[in-house]
Structure formats: C-alpha cells, structure tokens
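Novice: Here is my input; please provide its structure:
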Amino acid sequence: MPKTCPICDHDSLPIGPIVHENPTKVAGVPIDLSDSTFTMMRCSHCALQFKDPLISMDLLVECYSKSSTDQWEHSPSPRKRRFDDLAKCITTNASGKRILDVGCSNGALLDYLTSSSSSNDQWECFGLEPSEAAAATATERRVTILGALFDDLDTNNPEHRFDVIIAIDVLEHLVDPNAFMKQAANHLSPNGIFIALTGDTDAWGWRLQKQRYWYCNLPEHLVFYSRPTIEFLAQQLDLDLIGYTKMSHTRSKISRTVRDYVRNTIWGLSWRAKGFGIPPLRKMLDSNTPPGWLPNKDHMLFVLKATK
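Specialist: You can find the predicted model right below:
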C-alpha cells in the first residue's frame, strides 16, 4: 500500500530496505530499534525520500537531550567544517543582524560568525538546542538560548522574529518537515532569509547506492531532499529560492577524497550487481553499511527569502 508523503500528502512508493549502523545510537545515546524494519520511500510529486516508519520525534529529542558534549567538537576546524562558506552565505544574503540558529549545538558556528565579523558588523545571536550540555556551552559563547524547538517560540512576539534563520544539518532529522518549514517562515522578519545545509539525493554517489547510502544509515536521519523538493516547499510557503549550491559536508585531503570515491564506487557497483553472484559477498553487502563518504558533494546549501 502506498505511503503518504509527509510534505505534500501524495502517494509514495518504496525504493528498498534500509540497514542502520550497529550498534544503533542517536547522538551517542543507544536507541532500541530491534523490533522495526525500515524502508526508503520516494514521493513522485515532490521527490522527497523518507523512512517508513518514521522514528518518534519524542524518542529522538530524548536522545538529543541526553547526549554529552563529547558528541560535538568544542572548537571544530572552521575550514574543515566549511564555516567560512556558511558565514559568507549568511553575510551576503542577510538584510539584518538578528540571527537564529536552529539546532545550534554548542554555538561553534555562531561563535565563528561573530569573531570573524568587524566591530561595526556585530550579530545578535540566538539559538534553539535540545541538548542541555550543548546549550550550556553555546550560552558561554554568548548565544541566547530561547528553548529546544520552534514550539518554544511565540510568533506573536516581535522578539521572536529574525533576519536570518539557519538550520545546519537539521532538516534530515525532522518527523514533520512541513510544520518545521512553516514555523521557520513564520519567524522570519520582512525580507528575512532561511539558510539550510542538508543532504541532496541528486548526488551521484547517492543515486548509485540508493537507500543504502551512508547518509541514510544514521537512524536519526529520517527525510531526504533534492532541489525539486526545496522548490516545492518554497512555493508552498511564499518564499523565493535565491541560492542553491552543491557541496561536501566537510573539506578533506585529496588522498581521502580519492580513497572514499574508489571504495564507495566499488561498493555501490558490487551491491547493484548483487555481489556478482557470489553468495558470501552478496550477504555481506546486504547486511552491512557502505563506507562513509564525507568528501562527496552530497549536500546542498540553499537560501530561501521571505517575499513579504
């Protein structure tokens, strides 16, 4: 029976079974999914891909809230994590200085943004973060934590309107992406912008490995987008798509980039060939996750602007 798309309510059809990493953890916290089997679905209308069934958001938030600061680098390399690209995207498109980071973690990105700005270009930094440990560190970095989720904000409060809202590595975690995007749009100031970084299912490696792609192996990754999905959301929310860039999640050395490309290409071709008819190889491919592929350009950075 077709499943309903969580964005557009159209029927979606299965791509194939998903294999999660073992042991199964979310933000370093064990999560028991032993009684569930998961299938990747794809909507033929808006192109969203999503896991069926979706894991309860309450269960995920419980894991996030219990996670320790060890899950996030206290001072990640700005170049490796592309903070420079993210800051440039923010400063180029922003019409004001009030910025909200949804899922701000320990505030490292906002700390980089403020430290790299001139004294005449200071930002008012706010954050939403369910991890108490990460939120405490963000507060030390002069980020004003307003709560855990959008539900903690009030659309009638002018102090809860922002010139920039960013969601870096957040959209893939959502049980209800439609509701999240509506909340983001409702908290934008006039001419405000929403910037997000998330996986892009149009990436070559993703199309090769399909639902087995490394990004899908993480249990907390629930929904997966491509440019047509973002264009559909923008139209529904009266937002303009003013920026879209394919990029890797992290910068890596050339040797790492080449190694991961070769390993994943071999894995993907072997899996699609069903192990070349070799039973032990096919069993291994069907039951194990592929190598990670962080240097691959499998993410998209996009910018949506309020039209009113």
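
Novice: can you map out the helices along the stretch 201-308 of the chain?
Specialist: Secondary structure of the stretch 201-308 of the chain (DSSP state H, counting those that start in this stretch): helices at 204-209, 227-236, 254-272, 279-287.

Novice: report the angle between the axes of the last one and helix 254-272?
Specialist: Computed with axes from the mean of the first three to the mean of the last three Cα atoms, to 10 degrees, the direction of helix 279-287 lies at 110 degrees from that of helix 254-272.

Novice: Contacts for helix 279-287, please.
Specialist: Contacts to helix 279-287, defined as Cβ atoms under 8 Å, 6 or more residues apart in numbering, come from residues 19, 267, 270-271, 274-275. From N, CA and C alone the C-beta is placed, and that goes for glycine too.

Novice: and that helix, which residues are buried?
Specialist: Neighbour counts over helix 279-287 (16 or more other Cβ atoms under 10 Å) mark 282, 285 as buried.

Novice: tell me the contacts of the residue nearest to residue 201 when sequence neighbours are not counted?
Specialist: Sequence neighbours aside, residue 226 is the residue nearest to residue 201 in space, at 4.6 Å (criterion: Cβ to Cβ, 6 or more residues apart in numbering). Taking Cβ under 8 Å, 6+ apart, we find residue 226 in contact with 47, 200-202, 300.

Novice: returning to what we had before: out of the helices of the stretch 201-308 of the chain, which is closest to residue 81?
Specialist: helix 254-272 (14.9 Å; Cβ to Cβ).

Novice: where's that closest one relative to the chain centroid, distance-wise?
Specialist: 23 Å (Cα atoms, centre = their mean, to the nearest Å).

Novice: List the buried residues in that helix.
Specialist: Buried-residue list, helix 254-272, by 16+ other Cβ under 10 Å: 257, 260, 264, 267-268, 270-271.

Novice: now these in JSON lines, with distance to residue 137?
Specialist: JSON lines is the format used below for these (distance: Cβ to Cβ, whole Å):
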{"residue": "257", "distance to residue 137": "31"}
{"residue": "260", "distance to residue 137": "30"}
{"residue": "264", "distance to residue 137": "34"}
{"residue": "267", "distance to residue 137": "37"}
{"residue": "268", "distance to residue 137": "38"}
{"residue": "270", "distance to residue 137": "42"}
{"residue": "271", "distance to residue 137": "40"}
